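Q: Please find the sequence and the predicted model below.
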Amino acid sequence: MRTIMIPASMLLLAACGGTPTPAETPKDEAPKEEPTAEPKDEAKPAGDPTDAASFDALDADAKHAFLMKKGEEVYTSSTLACQTCHGADGKGTPPAFPPLVGQKDMMGDCVNHAAIVIYGLQGEIVVDGQTYNGVMTPQGDMLDDLQIAAVATYERNTWGNAFGDCTPADVAKARAENPLK
Ligand code: HEC
């Protein structure tokens, strides 16, 4: 319990210290200001995400800051680094890889978005008038629920997107009942 609480309190400090008005935290700034999940000697190995229980204990701003930072890590450097295909700017590489900017309808809600990451996606989709018929391989075995919630949150709230945060519970739901079926 002790090792869990230390990073949690650091997160709260980082969130409060970096932003004078927590209610209007600019979504992209907080995570870049301060390393929110600094690996501590006695804590978990670097890169190991906070577990779901300690995530749940955070307030909304700290959750958002944590998810955005963790999500950027997954987006840029997970095994199947999303930016390889969807671009550092989220604009994709038409006509091979679809953009993720402004795509709320295509991603659907968080459960649907998580399911795309867990189960992958193939078959024809149309994004911004462009048809894509590619294959995105499943990531459900590579990424845990917190990582998937984080990358979905990152994609929904960067590059000008503002589609709200996802939670590990959304991801668990997507695993339990695949909405893409
Ligand atoms: C190897 C290339 C590749 C990588 C890497 C990749 N994707 Fe994809 N992604 C695709 C393709 C191709 C599609 C569209 C599949 C289709 O045509 O049905 C897609 C579709 C999506 C969609 C749905 C977009 C929409 O508008 O419906 C989401 C969300 C998504 N990817 C997220 C991710 C995330 C998150 C990661 C990293 C964990 C990732 N992708 C990594 C190729 C990739």
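A: Ah, there it is.

Q: so where's the chain uncertain?
A: Using pLDDT under 70 as the threshold, the predicted model of the chain has low-confidence ranges 1-51.

Q: The one helix or strand Ile118 maps to close to the ligand?
A: Using DSSP states H and E, Ile118 falls within helix 110-119. Yes: among the residues of helix 110-119, His113, Ile116, Val117 lie within reach of the ligand under CB under 6 Å from any ligand atom. (C-beta placed from N, C-alpha, C; glycine too.)

Q: repeat for stretch 130-143
A: Yes: against the ligand, stretch 130-143 shows contacts by CB under 6 Å from any ligand atom at Tyr132, Asn133, Gly134, Val135, Met136, Gln139.

Q: would CSV of the residues you listed with neighbour count be doable?
A: What follows is those, written out as CSV (neighbours: other CB atoms under 10 Å):
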residue, neighbour count
Tyr132, 20
Asn133, 11
Gly134, 14
Val135, 8
Met136, 18
Gln139, 20
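
Q: so of those, which ones are in strands?
A: Tyr132, Val135, Met136 (DSSP state E).

Q: Thought Gly123 was touching the first one, still the case?
A: No: contact criterion CB atoms under 8 Å: Tyr132 and Gly123 do not qualify, at 9.3 Å.

Q: got the residues of this protein near the ligand?
A: Residues of the chain lying close to the ligand (CB under 6 Å from any ligand atom) are 74, 78, 80, 82, 84-86, 97-98, 100, 103, 106-107, 113, 116-117, 121-123, 125, 127, 132-136, 139, 151, 155.

Q: if we can go back for a sec, which residues touch the helix holding Ile118?
A: Contacts of helix 110-119 with the rest of the structure, by CB atoms under 8 Å, 6 or more residues apart in numbering, involve 107, 136, 138-140, 143, 148-149, 151-152, 155-156, 164-167, 170-171, 173-175, 178-180.

Q: So Lys63 sits against Asp165, correct?
A: Yes: checked against CB under 8 Å, the pair Lys63 and Asp165 is within contact range at 6.8 Å.

Q: what's the neighbour count on Gly123?
A: The number of residues packed near Gly123 is 8, by other CB atoms under 10 Å.

Q: excluding its backbone neighbours, what's nearest it?
A: Taking CB to CB, 6 or more residues apart in numbering as the measure, Gly123 lies nearest to Asn133, with 6.8 Å between them; neighbours along the chain are not counted.

Q: contacting residues for the one you found?
A: For Asn133, the contact set (CB under 8 Å, 6+ apart) comprises Gln122, Gly123, Glu124, Ile125.

Q: Neighbour-wise, give me the winner out of those residues.
A: The most neighbours of any of the contacts of Asn133, using other CB under 10 Å, belong to Ile125, which has 14 neighbours.
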